[in-house]
Each structure stands twice: as C-alpha cells, then as structure tokens.
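K.L.:
sharing a sequence plus its predicted fold:
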Amino acid sequence: MRVLVTGGAGYIGSVVVSQLVAAGHDVCVYDNLSKGHRDVVPREAALVVGDVGDGAALDAAFEQQRPEAVMHFAAWIEAGESMKAPERFFRNNTANALTLLETMLRRGVRRFVFSSTAALYGDPESTPIRETDKLAPTNAYGESKLLVEQMLAWFHRIHSLSVACLRYFNAAGATATLGERHDPESHLIPIILQVAAGRREHISIFGDDYETPDGSCIRDYIHISDLASAHLLALEALERSSRPERLIYNLGNGRGFSVKEVIECARRVTGKAIPAVVEPRRPGDPAVLVASSEKIRAELGWEPRHPELEQIIGSAWEYLQEKGGV
C-alpha cells in the first residue's frame with residue numbers, strides 16, 4: 001500500500017517506517033522535524049517536511065502522494081510537561097489530529113492507524129489492564145489522546161473510517177540503526193543509560209512512596225521492534241477486512257518493572273554504578289501500568305520477540321555506544 005506516516009522521522013515512527021519499507025510498502029514520511037531527524041528516513045521513502053496542523057500543506061502532500069492509509073505518530077509525549085501547559089498538548093495532539101482526519105475525508109482515505117497510549121487508563125482499577133477497562137487519564141497528555149480516540153469512534157461510525165488504535169505502554173530499546181534521540185530526553189531507560197555513559201550525574205526517581213513493593217512506579221516495557229511489528233499487523237488487518245473496522249489493542253509485555261528494578265537491571269547490563277536520587281512525585285504519574293496484550297495476540301497473532309528487560313536495555317546501550325544516541 002501507499003502509506004503516509006506522520007511523525008515518521010521520530011523514534012517509534014522511524015522504526016515503523018523501516019519495517020514498512022522492508023515489507024514492500026510505498027512510504028511517505030510527513031514530519032516537521034521539530035522532534036524527528038531527517039537522517040533516519042530511509043532512501044526508499046519520500047520525505048515531506050510539514051506540520052500536521054497545516055491543512056494546506058497536508059492537502060498538498062495527499063495530492064502528491066495519494067496515500068491509501070495513514071499512520072499517525074506526530075504528537076508530544078511528555079506527560080509531566082502536559083501538566084504545566086495542557087493547552088499546548090490539546091492543540092498539538094488533539095486539534096492537529098482533527099486537521100489530519102478532515103484531510104483524509106476530503107481525499108477519500110479510509111484506513112487510519114493511531115499511536116495511542118496507556119495513559120488513557122490513568123490509575124487502573126486492576127492489573128493487567130485490558131482494553132475494556134475504564135478510561136480515566138490522570139494527565140493532560142492522556143486526555144489529549146483519549147479525545148482523539150473518541151473522535152475516531154465517531155468517524156468510524158459516521159464516515160466508515162477503518163481505525164486501529166494501539167495503546168502503548170513503555171516503548172524502549174533500539175534496533176541496530178535506530179534508537180532514541182530525544183532532545184531533551186524524557187524517557188527512563190535512555191536517561192539511565194546517559195548516567196551510565198557519564199553524560200548525567202544521576203538518575204532521578206520521582207517518588208518512592210507509591211503503593212508498590214519498593215515504593216517506585218511500575219511500568220510495562222516493550223521493545224521498539226515488537227511495537228513496530230504490531231503496527232504492520234494492524235495495517236494488514238485493516239487492508240484485509242471487507243468492512244470498516246475499529247480495532248483497539250494494548251501493546252506491552254504483560255510484566256511490570258519498578259523504576260528501581262530498571263535501574264538495577266541497567267547496572268547489570270552496563271557494569272556501571274548509576275547513582276540514583278529520590279525526588280518528589282511528578283503530578284499525574286500513576287503508580288502501576290501493566291498491559292494485557294492477549295487481545296492482539298489472539299486476534300492478529302502478534303508475539304514479542306524481545307520480551308526480556310535485559311534485551312531491551314542491552315539494545316539501547318549498544319545503540320548509545322555505537323550510534324551516539326542521546
């Protein structure tokens with residue numbers, strides 16, 4: 001298929017693009033490069049530099065590329081920042097998604113794969129979290145994504161849009177050539193590894209008084225390659241179906257690790273001391289987020305190939321050392 005990938009020069013988007021190209025799809029990356037990197041776009045893919053909020057630029061890209069499906073990754077992801085400036089997240093994540101959907105409708109594109117988030121669940125009532133569980137975000141980032149999912153439900157119902165919403169837990173790790181290069185970095189594992197590499201003095205543990213075994217937050221980590229493969233399966237499912245679909249899947253490993261456990265694992269993988277400092281909790285951080293991914297396993301046959309935390313951290317450490325990731 002001809003696939004337009006917004007945010008395809010970013011961390012997750014670039015790995016998905018590489019897998020799409022390898023699978024023989026005709027790919028166009030649409031990215032404003034504010035967070036992404038031009039050099040990660042493979043030569044087999046087209047690159048259009050533009051903002052998702054720019055309706056005219058989007059329409060021109062659709063006119064030129066004529067996509068048959070859209071994968072939408074372009075969004076801001078810093079939950080803590082969203083609690084300081086929620087308006088920026090609703091503009092960038094929610095309003096811009098509507099501009100994209102309006103463009104799709106005008107151009108007759110009816111397949112949409114959405115990069116959603118486990119932040120939709122807020123503080124879950126039980127774990128592992130299932131797709132049918134209550135949606136109650138505790139931060140504006142999660143709310144900005146939930147509003148998009150709600151729009152998609154109506155677009156599916158009224159405009160027969162085929163939709164796949166993939167609710168990520170914690171994406172981490174690297175491939176041989178692609179990894180995290182956020183600036184500034186906000187994700188736990190790469191920050192820990194920056195400490196190991198001598199680029200930071202210590203790793204901050206935001207709160208050690210949660211109701212968890214060691215007091216620190218627990219999260220479910222999924223390797224970036226496994227995350228990307230789920231997107232291709234979802235795209236194929238939308239393509240195969242003879243009727244409009246609305247697919248919703250959690251993506252995680254089903255195992256939770258605390259912040260302290262991740263730090264300890266990184267110490268084993270890197271052989272470095274990695275000093276840690278406990279700081280106050282951040283607003284909007286749930287204590288535990290662990291996925292049940294049984295639905296996508298059963299329906300699409302997805303299976304993670306890198307389920308172990310040591311594998312995930314090890315791949316990120318190799319990337320940082322060899323490719324200069326930040």
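P.N.:
Received it, and whenever you're ready, just let me know what you need. Quick caveat: nothing in here was measured; it's all calculated off a predicted structure. Numbering: from 1, shown residues only.

K.L.:
how much space between the nearest residue to Thr99 once chain neighbours are set aside and Arg106?
P.N.:
Take Thr99 and drop its neighbours on the chain: the residue closest to it by Cβ to Cβ, 6 or more residues apart in numbering is Gly55, 5.2 Å away. The way it works is simple: take the backbone N, C-alpha and C, and place the C-beta from them, glycine included. The gap separating Gly55 from Arg106 is 9 Å, by Cβ to Cβ, to the nearest Å.

K.L.:
got the domain ranges for the protein?
P.N.:
As assigned by automatic domain parsing, the chain contains the domains 2-171+222-251, 174-219+254-323.

K.L.:
state the mean pLDDT of the shortest one.
P.N.:
In this model, domain 174-219+254-323 carries a mean pLDDT of 94.

K.L.:
of the domains of the chain, flag the one that's most buried.
P.N.:
Ranked by mean neighbour count under mean count of other Cβ atoms under 10 Å, those are led by domain 2-171+222-251, which reaches a mean of 20.

K.L.:
mind checking the end-to-end distance for that one?
P.N.:
Distance between the two ends of domain 2-171+222-251: 25 Å, counting by Cα to Cα, to the nearest Å.

K.L.:
with stretch 49-67 instead?
P.N.:
Terminal residues of stretch 49-67 lie 16 Å apart, using Cα to Cα.

K.L.:
do stretch 265-280 as well
P.N.:
Stretch 265-280 end-to-end distance (Cα to Cα) = 23 Å.

K.L.:
next one: stretch 18-31
P.N.:
Stretch 18-31 has an end-to-end distance of 15 Å (criterion: Cα to Cα).

K.L.:
over to stretch 30-43?
P.N.:
Termini of stretch 30-43 sit 14 Å apart (Cα to Cα).

K.L.:
show me the contact partners of that stretch.
P.N.:
Under the criterion Cβ atoms under 8 Å, 6 or more residues apart in numbering, residues 4-10, 13-14, 17-18, 21, 27, 29, 47-52, 58, 61, 74, 76, 178, 181-182 lie in contact with stretch 30-43.

K.L.:
now swap in stretch 250-258 and tell me
P.N.:
Contacts for stretch 250-258 (Cβ under 8 Å, 6+ apart): 118, 127-131, 166-170, 212-214, 216-222, 226-227, 230, 265, 288-296, 304, 307, 309.

K.L.:
and if you look at stretch 96-110?
P.N.:
Stretch 96-110 is contacted from outside by 6, 51-55, 58-59, 62-63, 66-70, 72, 74-75, 112, 148, 151-152, 155, 159-162, 244, using Cβ under 8 Å, 6+ apart.

K.L.:
cool, stretch 76-90 as well?
P.N.:
35, 92-93, 117, 119, 139-144, 147, 186, 282-285.

K.L.:
these in helices, which ones?
P.N.:
Per DSSP state H, helices hold the following members of those: Ala140, Tyr141, Gly142, Glu143, Ser144, Leu147.

K.L.:
pull the most distant pair out of those.
P.N.:
For the ones in helices among the contacts of stretch 76-90, the farthest-apart pair by Cβ to Cβ is Tyr141 and Leu147; their separation is 11.2 Å.

K.L.:
report back the residue of this structure that's furthest from centre.
P.N.:
What lies farthest from the middle of the chain is Ala273; by Cα atoms, centre = their mean that is 29.4 Å.

K.L.:
name the nearest residue to His159, sequence neighbours excluded.
P.N.:
That would be Leu105: by Cβ to Cβ, 6+ apart, it lies 6.0 Å from His159.

K.L.:
do the same with Pro286
P.N.:
Leaving aside its chain neighbours, Pro286 sits nearest to Asp123 (4.6 Å; criterion: Cβ to Cβ, 6+ apart).

K.L.:
touching, that neighbour and Ala136? I think so.
P.N.:
Yes. Applying Cβ atoms under 8 Å as the test, Asp123 and Ala136 come out as touching, 7.4 Å apart.

K.L.:
quick one on the thing from earlier: pLDDT at the residue nearest to Pro286, what is it?
P.N.:
On pLDDT, Asp123 comes in at 89.

K.L.:
which ones are touching it?
P.N.:
Per Cβ under 8 Å, 6+ apart, neighbours of Asp123: Ala136, Thr138, Pro286, Ala287.

K.L.:
residues in contact with stretch 303-310?
P.N.:
Under the contact criterion Cβ under 8 Å, 6+ apart, stretch 303-310 has outside partners 173, 221-223, 225-226, 229, 253, 255, 257, 261-262, 265, 268-269, 297, 312, 315.

K.L.:
now, which of those lie within helices?
P.N.:
Using DSSP H, these in helices are Ser225, Asp226, Ser229, Glu261, Val262, Cys265, Arg268, Val269, Arg297, Ile312, Ser315.

K.L.:
which ones are touching the fourth one?
P.N.:
For Glu261, the set of contacting residues under the criterion of Cβ under 8 Å, 6+ apart consists of Asp214, Leu309.

K.L.:
how much space between it and Ala119?
P.N.:
Distance from Glu261 to Ala119, by Cβ to Cβ: 21 Å.
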